[in-house]
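S.K.: fold the stuff below for me.
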Amino acid sequence: MSVNGVAEIVFYFSVYSFAGWLLENTFSWVLTGVFWKEGFLLSPHKPMYGIAPVIILLFVAKGLPLGITLLLCLVVPTTVELLSGIMLDKGFHHRYWDYSQLPLQYHGYICLPFSLAWLGLSALCIYGMHPTVAAIYHYLTPVWVTLAPYFLLYLLVDFCLTIWKQNRATQLTEG
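M.R.: Just a heads-up that it's a prediction; the model follows:
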């Protein structure tokens with residue numbers, strides 16, 4: 001497996017962050033009967049689910065042994081979840097998840113049961129899903145290289161709108 005260039009990284013990020021949005025909303029639907037679960041961005045993307053596989057893929061491209069790759073499948077998403085949880089909580093005063101009622105948790109941001117789930121999901125993503133996603137990327141490369149900057153602009157606008165929405169909500173509750 002190799003990852004070459006920014007356009008390819010952006011493609012994988014977009015696919016996996018959308019897949020994460022689908023996964024979380026399906027999980028919410030199964031547990032609560034409601035498909036829509038609030039996320040940080042307004043668009044159907046969960047950046048944590050895009051960032052973790054891209055980081056793992058960058059390491060896997062270096063030809064790491066399976067054991068090290070599986071360790072990365074545990075550590076990288078857990079670290080991304082921890083840092084994201086802290087940044088969202090401290091930066092926006094909002095908790096999108098709270099594992100404080102689960103065993104072996106750290107300040108409600110991460111917990112061992114979900115870290116083990118990330119291990120399984122990451123391995124499934126890297127070894128099961130990614131070969132197909134990579135083949136799709138290689139098929140779409142001529143088009144995607146042109147679209148990638150527009151997708152990044154789309155995410156930037158979404159991020160700015162999200163910040164504006166969060167600030168507006170804060171002003172309304174404080175005002």
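S.K.: quick one: residues contacting residue 110.
M.R.: 78, 81, 82, 85, 99 (C-beta atoms under 8 Å, 6 or more residues apart in numbering). Glycine gets a C-beta too; all of them are placed from N, C-alpha and C.
S.K.: ranges for the helices of this protein?
M.R.: With helices called from DSSP state H, the chain shows them at 6-32, 47-60, 66-92, 112-123, 130-174.
S.K.: correct me if wrong: residue 113 contacts residue 101.
M.R.: No. Residue 113 is beyond contact range of residue 101, at 11.1 Å (criterion: C-beta atoms under 8 Å).
S.K.: higher neighbour count, these two?
M.R.: Between residue 113 and residue 101, counted using other C-beta atoms under 10 Å, residue 113 has the larger neighbour count: 12 against 8.
S.K.: leaving out sequence neighbours, find the closest residue to the more buried one.
M.R.: Among residues not flanking residue 113 along the chain, residue 102 sits closest, at 5.8 Å (C-beta to C-beta, 6 or more residues apart in numbering).
S.K.: ramachandran angles for that neighbour?
M.R.: Here the main-chain torsion angles of residue 102 (degrees, to the nearest 10) amount to phi -100, psi 160.
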